[in-house]
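**Student:** The sequence and its predicted three-dimensional model are supplied below.
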Amino acid sequence: MSQAASPPSRRQLRLRSVTWALGAGAAALVLGLPLGLEAALRAGGCGFFYGLLAFHLQRVDPDDGHLQAGLVGAVCGIHSLGLAALTPWPPGLPLPAALVAVAPTVMMGLIRAWLPLVGAALLLHGSRLLAQRVQSAEGPTPTP
């Protein structure tokens, strides 16, 4: 006769939350190191908070991939707000010409800033899915 699995305690949930946060933060930090120490530290901090939010979102609605993707986009957007100006605005040019002059530099800067966070999200959720598959492949453990 098998017993129903008991829900995790608050202590276990807090430990999982901190683990997700540290895992995402460390992954973003490591992925950001090739871009420089300052970029890595910023990415690591954003990854930490992404991990906290992702854990709680996963508990609320684990099957909503749109919310997960939206969370990644929101954290990337918040991270972008903390970046310094990537290129000065060219004075005296009409708006379309100024946008053409600035857009490539800004887009490449944002992509470089977002890559560690997106990579951390992929690693975090990929490892969670892998762990679930390994657990389901092992099957339920018999109880004495």
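**Tutor:** It's in. Residues are numbered from 1 along each chain as shown.
**Student:** What about residue 49, how many residues nearby?
**Tutor:** Neighbours of residue 49 under the rule other CB atoms under 10 Å: 15. (Each C-beta comes from the backbone N, C-alpha and C, glycine too.)
**Student:** go on, residue 102?
**Tutor:** Residue 102 - counted by other CB under 10 Å - has 17 other residues nearby.
**Student:** Check whether residue 91 sits in a helix, strand or coil.
**Tutor:** Reduced to three states with DSSP: H, G, I helix; E, B strand; the rest coil, the structure at residue 91 is coil.
**Student:** Using PDB, write down the CA coordinates of the worst-scoring helix or strand of the chain on mean pLDDT.
**Tutor:** Across the helices and strands of the chain, the lowest-confidence element by mean pLDDT, DSSP states H and E is helix 65-81, at a mean of 83. This file holds the C-alpha atoms of helix 65-81, laid out as PDB (Å, rounded to 0.1, in the frame of the first residue of the first chain):
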ATOM      1  CA  GLY A  65       5.200  28.800 -20.300                       C
ATOM      2  CA  HIS A  66       4.000  32.200 -21.400                       C
ATOM      3  CA  LEU A  67       4.400  33.500 -17.800                       C
ATOM      4  CA  GLN A  68       7.800  31.900 -17.600                       C
ATOM      5  CA  ALA A  69       8.900  33.600 -20.800                       C
ATOM      6  CA  GLY A  70       7.300  36.900 -19.700                       C
ATOM      7  CA  LEU A  71       9.300  36.700 -16.500                       C
ATOM      8  CA  VAL A  72      12.600  36.300 -18.400                       C
ATOM      9  CA  GLY A  73      11.600  39.300 -20.500                       C
ATOM     10  CA  ALA A  74      10.700  41.400 -17.500                       C
ATOM     11  CA  VAL A  75      13.900  40.700 -15.700                       C
ATOM     12  CA  CYS A  76      15.900  41.400 -18.900                       C
ATOM     13  CA  GLY A  77      14.000  44.700 -19.200                       C
ATOM     14  CA  ILE A  78      14.700  45.700 -15.600                       C
ATOM     15  CA  HIS A  79      18.400  44.800 -16.200                       C
ATOM     16  CA  SER A  80      18.500  47.000 -19.200                       C
ATOM     17  CA  LEU A  81      17.200  50.000 -17.200                       C
END
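**Student:** That's all I had, so thanks and see you.
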